[in-house]
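>>> Take a look and give me a structure for this.
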Amino acid sequence: MKSKPLLVLFLICFCLFLFLGYRASQVVFSQDTPSWQELSATSGPVLLEEQPAEAALPDPFTLVILVDDLMALNPSLEGVWLSRSTDGGAGSLFFPIFPSQAEDGDQRDLNLRGAFWLEESQALSGEFQTILRDRNLSWHQVLLLDQTALSEINLILAELNPEYLPLNSVGLSGLSYSVENRLLAQSNQALFIHDLCKQLPLPAHNDLSQRALEGFAGHLLFSGTTPLRFLDSWSGINYCLFPTMTLPTQ
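Presented below is the predicted three-dimensional model:
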């Protein structure tokens with residue numbers, strides 16, 4: 001008979017502690033977790049902060065590489081220029097890398113040309129890049145083109161501008177590198193770039209861009225950028241400068 005009152009007392013205590021535990025859990029979790037209404041009222045930037053976008057390079061350096069024929073098994077290196085925009089994107093600076101202007105330019109050219117080839121992925125050889133970086137050069141994007149691409153560019157410019165004279169007087173052959181005429185090839189390449197820049201900005205830039213993308217398959221390669229992004233970056237350029245060179249008069 002005594003066991004029945006003890007059982008009732010046990011049940012009362014059990015229910016009391018169960019109730020107190022439940023209430024305590026409500027208090028604790030209500031302090032750490034907002035209610036559905038609170039979540040709705042504070043949704044947005046408070047719950048999810050937008051991460052700042054990575055800053056774009058203001059003036060990326062471009063490595064411009066000219067070869068004889070990108071469709072060939074082993075394209076021959078003809079010219080290398082380092083370029084960057086200036087004056088808020090209104091102009092572009094060009095610095096000759098190959099042929100070299102250094103006193104030991106003959107040997108530098110020999111070393112760089114011997115290290116140039118394209119991997120199966122169309123990437124520049126690691127040895128070629130190492131030589132350039134050892135000369136304290138850096139770049140963010142690469143434009144690789146051959147003489148077929150240059151010829152097509154001239155044909156399009158001539159069609160858009162009847163007053164434009166395709167190529168300077170030396171023609172494409174004058175842009176090719178040779179040990180005997182290395183500095184002459186450098187000068188001719190600078191004149192060629194200068195002549196192209198005089199046509200900028202083009203009134204039909206979008207048309208040129210589209211036709212260039214369609215017609216240069218296999219003769220124009222980009223790295224570190226996209227064709228459209230690269231061409232758009234040139235839409236506002238209207239002059240080119242060669243700070244380390246004195247261009248000959250034509």
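
>>> Please pull up the helix or strand immediately following the lengthiest strand in the chain.
Among the segments of the chain that qualify as a strand by DSSP state E, the longest is strand 77-86. Once the chain leaves strand 77-86, the next helix or strand it forms, by DSSP states H and E, is strand 91-98.

>>> in this protein, which helix or strand is least confident?
Here the helix or strand of the chain ranked lowest by mean pLDDT, DSSP states H and E is helix 36-41, holding a mean of 38.

>>> separation between G171 and F222?
26 Å (Cβ to Cβ, to the nearest Å). (Glycine included, C-beta is placed from N, CA and C.)

>>> bridging residues for the residue lying closest to V64 once chain neighbours are set aside?
Using Cβ to Cβ, 6 or more residues apart in numbering and skipping the chain neighbours, the partner closest in space to V64 is W81 (4.3 Å). Counting by DSSP bridges, W81 is bridged to V64, P96.

>>> I'd guessed W81 sits against L93; true?
No - W81 lies out of contact with L93 (Cβ atoms under 8 Å); the separation is 9.9 Å.

>>> that older thread, just checking, what packs against the longest strand of the chain?
Packed against strand 77-86 by the contact rule (3 or more Cβ pairs under 8 Å, 6 or more residues apart in numbering; DSSP states H and E) you find strand 62-67, strand 91-98, helix 105-114, helix 182-197.

>>> Which among those is found nearest to L155?
Nearest to L155, of all the helices and strands packed on strand 77-86, is helix 182-197, at 12.6 Å by Cβ to Cβ.

>>> Of W81 and L93, which one has the most company?
W81 (21 against 18; other Cβ atoms under 10 Å).

>>> so what's the more buried one up against?
L63, V64, I65, L66, F94, F95, P96, I97, Q189, I193 (Cβ atoms under 8 Å, 6 or more residues apart in numbering).

>>> rerun at 10 Å
62-66, 93-98, 143, 186, 189-190, 193, 242 (Cβ atoms under 10 Å, 6 or more residues apart in numbering).

>>> How about L175?
Per Cβ under 10 Å, 6+ apart, neighbours of L175: 66, 68, 78-79, 147, 150, 167-168, 185-186, 188-189, 191-193.

>>> Relative to W117, which of these is nearest.
D68 (13.2 Å).

>>> Next, count neighbours for the nearest residue to that closest one once chain neighbours are set aside.
Leaving aside its sequence neighbours, D68 sits nearest to S76 (Cβ to Cβ, 6+ apart; 4.7 Å). When neighbours are counted by other Cβ under 10 Å, S76 registers 14.

>>> Thought L118 was touching S76, still the case?
No - with contact defined as Cβ atoms under 10 Å, S76 does not reach L118; the gap is 11.5 Å.

>>> how about the strands of this structure, start to end?
According to DSSP E, the strands that the chain contains are 62-67, 77-86, 91-98, 141-146, 220-223, 239-241.

>>> ok so, going back, for the helices and strands packed on strand 77-86, which one sits closest to T226?
Across these, closest to T226 is strand 62-67 (Cβ to Cβ), at 13.2 Å.

>>> what packs against that closest one?
Under the contact definition 3 or more Cβ pairs under 10 Å, 6 or more residues apart in numbering; DSSP states H and E, strand 62-67 sits against strand 77-86, strand 91-98, helix 126-134, strand 141-146, helix 147-160, helix 182-197, strand 220-223.

>>> Relative to L184, how far out is Q122?
To L184, Q122 is 30 Å away according to Cβ to Cβ.

>>> between the two, who's got more neighbours?
Neighbour totals were compared for Q122 and L184, and L184 leads with 15 against 10 (other Cβ under 10 Å).

>>> Please consider this matter closed, and thank you.
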